[in-house]
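Peer 1: Test case, fold it:
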Amino acid sequence: MQPPKPRLGPAIKLMGSKWRKAKKYPPPQYSTIIEPFAGGAGYSLLWWDRQVVLVEKDPIIAGIWDYLIRAKPNEILRIPVFTHIGQTVDEVAGNWPQEVQWLLGFWCNFGIEKPRRTLSWRLLGDVQNQYAGFWNEKRRAKTAELAKRIKHWRIIHGDYTEAPNTPATWFIDPPYSEKRLRRYRFNLADTDYPALAHWCRNRQGQVIVCELANANWLPFQPLYENKGANLVQSKGKKTLRRSHEAVWMNYEDNTPEDPL
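Peer 2: So this is what the prediction gives:
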């Protein structure tokens with residue numbers, strides 16, 4: 001099964017998004033995809049032509065998705081872009097809706113957990129480079145194309161337990177249980193992971209749960225090595241720490257129950 005074209009996204013430059021690695025996970029067996037910890041919705045963006053239900057507790061991220069689902073592409077193409085070093089979101093889009101300012105804030109730095117207000121020098125390089133990782137004309141055009149393709153999506157602002165338990169492909173990517181990976185505005189630091197495991201086991205349909213290989217709240221199996229997943233600074237030196245991504249699934253790849 002091949003993903004639809006064109007390839008969309010990423011929509012939000014968010015820490016922990018699976019946009020680059022989405023192809024490493026099994027394709028959806030159901031016509032509906034539900035992401036209870038939506039974040040950047042990297043898996044759904046790969047299979048954007050399905051019926052998609054996103055559930056997100058963070059009001060900022062939920063607000064951005066709500067805006068992208070509702071906004072007309074021509075409106076997005078009118079959003080101003082960053083043009084020079086030191087420019088702030090207020091200067092670029094201070095008169096635009098709050099959701100637009102949040103969107104641009106996520107395109108001010110590399111994968112982050114909340115929007116920034118000033119464009120990071122780390123992203124700039126040459127501001128004329130349309131492939132640079134900030135909100136420029138190329139990124140704006142790609143976002144307008146994305147908005148055009150996801151009008152059939154739905155966003156629920158709420159806790160993961162508010163996701164409707166209907167037959168679907170469930171892509172469950174919660175903040176990982178390891179402490180060093182809990183830099184989210186809304187994390188699971190105080191959550192009962194066994195309770196989350198019970199909830200995952202009781203979803204209807206195809207269930208894919210993401211974690212690190214050393215997590216034990218479900219019987220996770222290694223899936224791939226994520227090289228350079230985390231930039232770690234120790235004794236004045238910055239190194240890239242590799243992580244071993246894992247997955248738990250409740251099904252066999254050859255037993256779909258939902259006719260697509």
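
Peer 1: now the strands for the stretch 151-260 of the chain?
Peer 2: Ranges of strands within the stretch 151-260 of the chain are 154-157, 168-172, 205-212, 221-234, 237-249, based on DSSP state E, counting those that start in this stretch.

Peer 1: Deepest-packed of those strands, please.
Peer 2: Across the strands of the stretch 151-260 of the chain, averaging neighbours per residue (mean count of other CB atoms under 10 Å) puts strand 168-172 on top, at a mean of 26. C-beta coordinates here come from the backbone N, C-alpha and C atoms, glycine included.

Peer 1: got any ranges where the stretch 151-260 of the chain has weak pLDDT?
Peer 2: Counting by pLDDT under 70, the stretch 151-260 of the chain shows low-confidence ranges at 179-190, 227-241, 252-260.

Peer 1: just checking, what packs against the helix or strand where Ser44 lies?
Peer 2: Counting by DSSP states H and E, the element that carries Ser44 is helix 42-46. With contacts taken as 3 or more CB pairs under 8 Å, 6 or more residues apart in numbering; DSSP states H and E, helix 42-46 sits against strand 32-35.

Peer 1: try 10 Å
Peer 2: The elements that helix 42-46 packs onto, with contact taken as 3 or more CB pairs under 10 Å, 6 or more residues apart in numbering; DSSP states H and E, are strand 32-35, strand 51-56, strand 168-172.

Peer 1: Distance from the longest one to the middle of the chain?
Peer 2: Using CA atoms, centre = their mean, to the nearest Å, we find the averaged C-alpha position of strand 51-56 to lie 11 Å away from the chain's own average C-alpha position.

Peer 1: The shortest one too?
Peer 2: When distances are taken as CA atoms, centre = their mean, strand 32-35 is centred 13 Å away from the chain's centroid.

Peer 1: Give me the contacts around it.
Peer 2: 18, 41-48, 50-56, 153-156, 160, 163-173, 203-208, 258 (CB atoms under 10 Å, 6 or more residues apart in numbering).

Peer 1: now with 7 Å?
Peer 2: 41, 43-44, 47, 50-55, 163, 168-171 (CB atoms under 7 Å, 6 or more residues apart in numbering).

Peer 1: Let me have the strands of the stretch 151-260 of the chain in CSV, extended by distance to Pro6.
Peer 2: As requested, these are exported to CSV (distance: least, CB to CB, whole Å):
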stretch, distance to Pro6
strand 154-157, 22
strand 168-172, 20
strand 205-212, 24
strand 221-234, 24
strand 237-249, 26
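
Peer 1: how near is the nearest residue to Arg139 once chain neighbours are set aside to Val100?
Peer 2: Distance criterion CB to CB, 6 or more residues apart in numbering; nearest residue to Arg139, sequence neighbours excluded, is Trp107 at 6.4 Å. Distance from Trp107 to Val100, counting by CB to CB, to the nearest Å: 11 Å.

Peer 1: the more surrounded of the two?
Peer 2: Using other CB atoms under 10 Å as the criterion, Trp107 and Val100 rank with Trp107 on top: 25 against 21.

Peer 1: Tell me which residues touch that one, please.
Peer 2: Taking CB under 7 Å, 6+ apart, we find Trp107 in contact with Lys13, Phe134, Trp135, Arg139.

Peer 1: quick one on the thing from earlier: same list (the helices and strands packed on helix 42-46) but as JSON lines, adding distance to His244.
Peer 2: Conversion of those to JSON lines gives the following (distance: least, CB to CB, whole Å):
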{"stretch": "strand 32-35", "distance to His244": "22"}
{"stretch": "strand 51-56", "distance to His244": "26"}
{"stretch": "strand 168-172", "distance to His244": "18"}
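
Peer 1: between the ones you listed, which gets nearest to Ile112?
Peer 2: strand 51-56 (15.9 Å; CB to CB).

Peer 1: Would you mind identifying the next helix or strand past that closest one?
Peer 2: Next element after strand 51-56 (DSSP H and E): helix 59-70.
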